[in-house]
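Predicted model and sequence follow; I will ask about them next.
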Amino acid sequence: MTTLRIGSGYDIHRFGAERPLRLGGVEFAGERGLVGHSDADPVLHAITDALLGAAALGDIGVHFPPDDPRFLDADSRLLLGEAVRRVHDAGFSVVNIDVTVVAERPRISASVEQMRRSIAGVLGIAVEQVSVKGKSNEGLDAVGRGEAIAAWAVALLERPPG
């Protein structure tokens with residue numbers, strides 16, 4: 001019988017870094033960057049946690065500690081790629097990813113397809129297996145005040161019998 005596993009991930013980063021804003025591996029020109037040890041891409045970090053969680057492999061901080069200088073300003077696409085390799089090594093494949101980006105700015109609607117292609121490319125899956133949605137926090141909390149961007153992700157993995 002095929003084993004199915006669901007994992008969830010969450011990440012949030014505040015604005016304030018002097019670097020490009022990246023969401024889902026896509027650069028948003030003209031937007032101020034997010035603060036974080038790596039490139040601070042909350043979309044890819046949430047997906048990484050969802051994948052690792054579904055495979056019961058811990059979380060992003062276990063695999064890529066925020067105090068490790070090797071990961072300073074690291075491209076989160078590389079971290080996600082390494083996480084999916086570990087998920088594959090554990091015998092799982094990715095069935096689908098669903099991500100919700102919560103931000104007052106930028107509006108992501110014009111970049112959703114590019115984000116889906118970026119994520120699918122890193123994971124080695126079809127674009128149809130990746131969903132990206134944008135939501136507002138309606139002025140509530142740090143995200144709603146435009147001080148941060150958060151992302152929620154869900155991953156479904158499968159492992160064939162045997």
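That came through fine. Residues are numbered from 1 along each chain as shown.

where in this structure is pLDDT low?
Of all residues in the chain, none has pLDDT under 70.

any chance you could map the helices in this structure?
Applying DSSP state H to the chain gives helices spanning 42-54, 60-63, 76-89, 112-123, 141-144.

Would you mind finding the most buried of those helices?
helix 42-54 (a mean of 27; mean count of other C-beta atoms under 10 Å). Bear in mind the C-beta positions are built from the backbone N, C-alpha and C, glycine included.

now the residue nearest the centre of the chain: how far from Thr3?
Central residue of the chain (C-alpha atoms, centre = their mean): Leu44, 2.0 Å from the mean position. Leu44 sits at a distance of 25 Å from Thr3 (criterion: C-beta to C-beta, to the nearest Å).

any idea where the strands of this structure begin and end?
Counting by DSSP state E, the chain has these strands, from start to end: 3-23, 26-34, 93-102, 130-135, 148-159.

any chance of those in TSV, plus mean neighbour count and distance to Ala83?
Formatted as TSV, the strands of the chain follow (neighbours: other C-beta atoms under 10 Å; distance: least, C-beta to C-beta, whole Å):
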stretch	mean neighbour count	distance to Ala83
strand 3-23	17	10
strand 26-34	16	19
strand 93-102	20	11
strand 130-135	18	15
strand 148-159	22	10
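
Arg116: which of these is closest?
strand 130-135 (4.6 Å; C-beta to C-beta).

ok now the closest one, how far from the chain's centre?
11 Å (C-alpha atoms, centre = their mean, to the nearest Å).

Note down every partner strand of it and its orientation.
When pairing is defined by DSSP bridges, strand 130-135 lines up against strand 93-102 (parallel).

got the contact list for the residue lying closest to Gly91 once chain neighbours are set aside?
Nearest residue to Gly91 in three dimensions, chain neighbours excluded: Arg159, at 4.7 Å (C-beta to C-beta, 6 or more residues apart in numbering). Applying C-beta atoms under 8 Å, 6 or more residues apart in numbering to Arg159 gives the contacts 2-3, 5, 90-93.
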